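> Give me coordinates for this.
(chains A and B)
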2 protein chains.
Amino acid sequence: MNRLAYIAIALLALPAAAVVPETSVLGADSPTIQSDRSITFKVTAPTARTVQVAGGDGLGPGPLTMTKGQDGVWTTTTPAAVPGFHYYWFLIDGVRVNDPASRTYFGYSLETSGIEVPEPGADYYAIRNVPHGAVREQWYFSKVTGQWRHAIVYTPPGYDQRPTTRYPVLLLQHGMGEDETGWTRQGKAQFILDNLIAAGKAQPMIVVMDRGYASKDNTVARPTTLQGMRTAFSAFEEVVLHDLIPTIDASYRTLPDREHRAMAGLSMGGMQTLFITLHHPETFSYIASLSGPIVPNMSGERKIDEGFQDPFDSKTAYEGAFADAVGFNKKFKLLWLGVGTEEPQVFHGISRAVRTLQAAGVKVVYFESPGTAHEWQTWRRDLNDLAPRLFR
Amino acid sequence: MNRLAYIAIALLALPAAAVVPETSVLGADSPTIQSDRSITFKVTAPTARTVQVAGGDGLGPGPLTMTKGQDGVWTTTTPAAVPGFHYYWFLIDGVRVNDPASRTYFGYSLETSGIEVPEPGADYYAIRNVPHGAVREQWYFSKVTGQWRHAIVYTPPGYDQRPTTRYPVLLLQHGMGEDETGWTRQGKAQFILDNLIAAGKAQPMIVVMDRGYASKDNTVARPTTLQGMRTAFSAFEEVVLHDLIPTIDASYRTLPDREHRAMAGLSMGGMQTLFITLHHPETFSYIASLSGPIVPNMSGERKIDEGFQDPFDSKTAYEGAFADAVGFNKKFKLLWLGVGTEEPQVFHGISRAVRTLQAAGVKVVYFESPGTAHEWQTWRRDLNDLAPRLFR
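Numbering: from 1, shown residues only, chains lettered A, B, ... in the order given. As a prediction, this is how the structure comes out:
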């Protein structure tokens, strides 16, 4: 393509000047995203002394100070934002509050404002005129925790029309501070799957998105040590094996065997995925960790992030799960690890583990998302790469 | 039952002292509801000068001033709240903000904190160990508005297991400032239906909850006059008839005729229901308006609430839809009108219309919810009374 044509297409692909994002509430006139992807935020706080806006990595560096107009409305404009979904909030005299103009999304363990910045040319997560699967809520009673739990389940297009067809299952987990709604509301997993399935790139599958927290004593685990995290993950592991999978297999037309069951998760969900699947090769044959911190040795009273620094020895990491590379490759159909290039907290650990595993003969698919941080645009790209590799 | 036994049961039915409601986020320790149904709110705002808490009618009279502790945490305790779901918010130096401890619910045209106050002895909207229907998201493209729209659809227990059974359909609309998620998140319609169906009290039915806003020019209608409201309702009427119903009939196993189609709505949704169903007896045979303001004459440049005061003449109201009582009774299988006793804004208009219609020989089922306001506890009770009367 010649350079002029390229520029013309790039310009066409940019959003029109100053659009209000889809993440704003009906009828809101803010925030606005300019064609250079700078964002103008505003909030009314006539008597406040200081107002700032802050949010996810892709929004820019740290809190931005806002300026008060004569009408009591504070405004500021960010540098060009990274495309994708970003959480954000205002700090009004130091109190963290949401933008009344925005829908809220569950992140940071609370309801948080969000902004969707369009990525020029990326329509793999757009709602398009293709057959759509269904996103369903699934309540189930957990014998492990003694409580009702809530999961989101995607059934693929055609599920209702083919009442004798059975489908493989992907368990897909959110990250720390998020919940079971993250993958469909922030991640748009349903549209990614719809589009891949319509294009013949992915097998029709059922996707189960559960709330990744569980405890047996009705408390909320807030582990600070590796051992505490292991205990919390163990409770969730029991829920997955003894409550969730049986519920899904009883409620949906699944192919209920290990050959047709995958687990994937992002960040904390990636850690849980490795923890659970490596313990249960009889239950899972596909494994994916998306920006999941690598913790080769999840034991002891050490702080959690100290575990991220442990050396990765493919013979001993994860209780020796990778020690026999040939056996591992035979047992599991896929081990998939991904990370964004702008995730300094986890990039080193993941890429090092991939190199070490590959050197030891363990088959790993590695996916790097260029220019994106520990945010949803990384994980949308991940799912778009991962889903076509499942159930082949 | 003797008095002591009654007291013992009443005490057992009360929540334990100081419980955190189900509407709080995982792990939150506030607000707390005491056994006398007083509520203690708290919020951290060390530099604020004034903090108040305000919310729905059932919470108490007007904004309550909060008191600052040495730790920068402001607290207050309300009088005994009415049971049910109430929206609430804080006013920090006059800025309306959500409680970070609460989930948010779409009301007042924005994401708003909510608190669920248990009603002793009321388990008709509780999640129970009965077969559960599915709550699904339905995206569909509207030719009327040129936009994608989002609805919530409840399919009854057994829908997946009986792939040749077809079901009647209830369209169930939210009120002004709310959206399609209100009936399942605030209203718990799915559990009310699950429990009624399990008890054999209601027919298994599909319930469709759409977003009750539509415009043809991609603006958000904020009508102030009756004529403006009529125009807005007309656009939604076209969406319902030309986009929504065909989508539902094509996507679900419905009984696609007027004998098996009902429409109901609360507040604005009740007004829309009367507007749409009375225009389209060929499409609907069951009608219900829940706390819907009665506007006998929806025309002219008068302000909307002036229309609430119009005299109700059964011969001319609603373009003469009720003029022929015998014909009306033959045409429609149910006309159901309901209101809470603590809804002064609409109580008079609704109860007057019921009396006038009944005097004119129009069959009306009238339901009064004792002690509840223009809030969800009224509408949960309404649905619990209404659903068993449908599709008989």
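
> got the CA positions of stretch A:29-48 in CSV?
Presented in CSV, the C-alpha positions along stretch A:29-48 are these (Å, rounded to 0.1, in the frame of the first residue of the first chain):
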residue,chain,number,x,y,z
ASP,A,29,-22.0,14.3,27.4
SER,A,30,-18.7,13.4,29.1
PRO,A,31,-16.0,12.2,29.1
THR,A,32,-15.0,12.9,25.5
ILE,A,33,-12.3,11.2,23.5
GLN,A,34,-10.7,13.3,20.9
SER,A,35,-9.4,12.0,17.5
ASP,A,36,-5.8,12.0,19.0
ARG,A,37,-7.1,9.7,21.8
SER,A,38,-6.7,12.4,24.4
ILE,A,39,-9.6,12.3,26.9
THR,A,40,-11.3,15.2,28.5
PHE,A,41,-12.8,14.5,31.8
LYS,A,42,-15.2,16.7,33.7
VAL,A,43,-17.0,16.7,37.1
THR,A,44,-19.1,19.2,39.0
ALA,A,45,-17.8,20.0,42.5
PRO,A,46,-18.3,23.7,43.2
THR,A,47,-16.9,23.7,46.8
ALA,A,48,-14.0,21.2,46.3
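
> Next, report how far it is displaced from the centre of its chain.
Here stretch A:29-48 is found 26 Å from its chain centre; the criterion is CA atoms, centre = their mean, to the nearest Å.

> and it, which residues are buried?
Buried positions in stretch A:29-48, judged by neighbour count with 16 or more other CB atoms under 10 Å in any protein chain shown: A:30-34, A:37, A:39, A:41-43, A:45, A:48. Every C-beta, even on glycine, is put in place using the N, C-alpha and C of the backbone.

> what do you get for stretch A:349-364?
Of all the residues in stretch A:349-364, those buried under the rule 16+ other CB under 10 Å are A:349-351, A:353-354, A:356-357, A:360, A:362, A:364.

> try stretch A:121-131
Neighbour-count burial for stretch A:121-131, with 16+ other CB under 10 Å as criterion, is recorded at A:124-125, A:127.

> what about stretch A:358-375, average pLDDT?
Throughout stretch A:358-375, pLDDT has a mean value of 97.

> Outside of that stretch itself, list whatever touches it.
A:56-58, A:82, A:84-86, A:267, A:291, A:314-315, A:322, A:325-326, A:328-329, A:334-343, A:345-346, A:351, A:354, A:357, A:377-378, A:381-382, A:385-386, A:389 (CB atoms under 8 Å, 6 or more residues apart in numbering or on different chains).

> which among the residues you listed end up buried?
Neighbour counting with 16+ other CB under 10 Å marks A:56-58, A:82, A:84-86, A:267, A:291, A:314, A:322, A:325, A:328, A:334-340, A:342-343, A:346, A:351, A:354, A:357, A:377-378, A:381-382, A:385-386, A:389 as buried within the contacts of stretch A:358-375.

> Give me the subset of the residues you listed lying in strands.
A:84-86, A:334-340 (DSSP state E).

> Mind putting those into a markdown table with distance to chain B and pLDDT?
Formatted as a markdown table, these follow (distance: CB to the nearest CB, whole Å; pLDDT from 0 to 100):
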| residue | distance to chain B | pLDDT |
| --- | --- | --- |
| A:84 | 20 | 97 |
| A:85 | 16 | 98 |
| A:86 | 17 | 97 |
| A:334 | 29 | 98 |
| A:335 | 31 | 98 |
| A:336 | 27 | 98 |
| A:337 | 28 | 98 |
| A:338 | 27 | 98 |
| A:339 | 27 | 98 |
| A:340 | 27 | 97 |
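
> Give me every residue in the stretch 51-200 of chain A lying close to chain B.
A:92-98, A:100-104, A:106, A:109-111, A:127, A:129, A:132, A:134-139, A:141, A:148, A:160, A:163, A:179, A:184, A:190 (CB under 8 Å from any CB of the partner chain).

> what do you get for the stretch 251-392 of chain A?
Counting by CB under 8 Å from any CB, the stretch 251-392 of chain A sits next to chain B at A:251-253.

> Neighbours of the closest residue to chain B within the stretch 1-150 of chain A, how many?
Using CB to the nearest CB, the single residue of the stretch 1-150 of chain A nearest to chain B is residue A:27, 3.5 Å away. Counted with other CB atoms under 10 Å in any protein chain shown, residues neighbouring residue A:27 total 14.

> Name the secondary structure element that contains it.
Residue A:27 belongs to no helix or strand when elements are defined using DSSP states H and E.

> Beyond the lowest-mean-pLDDT helix or strand in chain A, next helix or strand please.
Ranking every helix and strand in chain A by mean pLDDT, DSSP states H and E puts helix A:3-13 at the bottom, with a mean of 41. Downstream of helix A:3-13, the next assigned helix or strand under DSSP H and E is strand A:32-33.

> which helices and strands does that following strand pack with?
With contacts defined as 3 or more CB pairs under 8 Å, 6 or more residues apart in numbering or on different chains; DSSP states H and E, the packing partners of strand A:32-33 are strand A:39-44.
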